[in-house]
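Asks: below are the sequence and a predicted model; questions follow.
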Amino acid sequence: MKLIILYFFFIFSILIITCNTNNKECEHDWKWKTILEPTCITSGSKIEICSKCNEESGNSESITAFGHSINKNYNCSICFNPYKLGDTGPGGGVIIYRKETGFTMVDNGEICYYLEVSYSLIGSKLTFASGNCSMTSLMTGSQLGYGRRNTANILSIDPNAPAAKACKEYRGPNNKDDWFLPSIDELALSSSFEAEYAFLNITKYIENFEKGIYLSSSEKAGEEIWGKDSNNPMFWLSVSMYYYPSLVRAVRAF
Ligand SMILES: [Zn+2]
Ligand SMILES: [Zn+2]
C-alpha cells in the first residue's frame, strides 16, 4: 500500500514539474546565430535566437564582407579572384588600377598589383610646396611606381609641403600608413591594360566626385607641377607649386 502511495506521489510530482516547465516563461538566453556566412565581397547576416527555446528576438544584423586577402599577389588567396575596378580596397579606398603582372615601386623595389585612391579629398585645396622652400631639383618622377618615392623626396626637402604631408599623414578608414601623393601617371593612368585615365574613372565610383584640378607629386621644370583637370581629362596641365591650391586625393599601392 505504501508503495502504491509513493508511486502516485511520484507521478503527481512529475506532472506538477512538467506543468510548471510548460507554463513558466523562458528566461531567454539570446545568442547570435549566423544564418548567412559573409564572403570576401558579400556581406552575411545573423539573427538573435534563444539558446533554450529557439525563439527569435527579431533582432538581426548584417556581417561585413571580410574583403579579399591579397598578399603580394594579384589574386585573393581565399577566393582566387582579383579586385575589380571600383571595389573597395584594403585601405578603404577605391581600386582604380590593377595589373596582373604587377608593377615596381621605385622606392624599395616592391612589386604591387593595385592602386587604390581615397574616397575623400585630402584636406581642402592644397599647394605643392610650403612657400618658403625652393624645389627645382626635379627629384620626382612621373611614371607608375614613382608616387611613393616622390612623396618621401618632397618631404625630405620641404617637410611642410602641404599636399605631400597631408597624404603621408592620411590613414583612411582602415588606418593604413602608406598613402602617398600620386605621380602624374598614377593620377591619370593611360594604361593599355584596362583603364584609360583610371584616376578620372573614379568619377564613376565616387558619388559627388569633386571636379577640378588635381595635383600630382611630379614636378615639371620652372617650379611648376603636373596636374590633371577632371573636366578635361585628355590634357595635362601644370600649376604653380606655391600659389595654386589644388584638389588632392591620396593613393596607396599594394
Ligand atoms: Zn527562450
Ligand atoms: Zn577573396
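Replies: Thanks, I have it. Ligands and ions are numbered 1, 2, ... in the order given.
Asks: can you classify residue 219 by secondary structure?
Replies: At residue 219 the chain is in strand, as set by DSSP: H, G, I helix; E, B strand; the rest coil.
Asks: can you list the domain ranges for the chain.
Replies: In terms of domains, the chain is parsed into 29-66, 94-253 (source: automatic domain parsing).
Asks: give me the mean pLDDT for the shortest one.
Replies: Looking at domain 29-66 alone, the average pLDDT works out to 95.
Asks: check the longest one too.
Replies: Taken as a whole, domain 94-253 has an average pLDDT of 86.
Asks: now do the same end-to-end measure for it.
Replies: Distance across domain 94-253, first residue to last, is 11 Å (Cα to Cα, to the nearest Å).
Asks: same check on stretch 228-248?
Replies: End to end - Cα to Cα - stretch 228-248 spans 11 Å.
Asks: got a list of contacts for it?
Replies: Outside of stretch 228-248, the residues within contact range by Cβ atoms under 8 Å, 6 or more residues apart in numbering are 121-129, 131, 135, 163, 166-167, 181, 184, 187-188, 197, 199-200, 203, 209-216, 219-220, 223-227. Every residue, glycine included, has its C-beta placed from N, CA and C.
Asks: out of the domains of the chain, deepest packed?
Replies: domain 94-253 (a mean of 19; mean count of other Cβ atoms under 10 Å).
Asks: which elements pack onto the longest strand anywhere in the chain?
Replies: Longest strand in the chain, counting residues (DSSP state E): strand 94-104. Applying 3 or more Cβ pairs under 8 Å, 6 or more residues apart in numbering; DSSP states H and E, one finds that strand 94-104 contacts strand 111-117, helix 198-201.
Asks: tell me how far stretch 162-178 is from the chain's mean position?
Replies: 12 Å (Cα atoms, centre = their mean, to the nearest Å).
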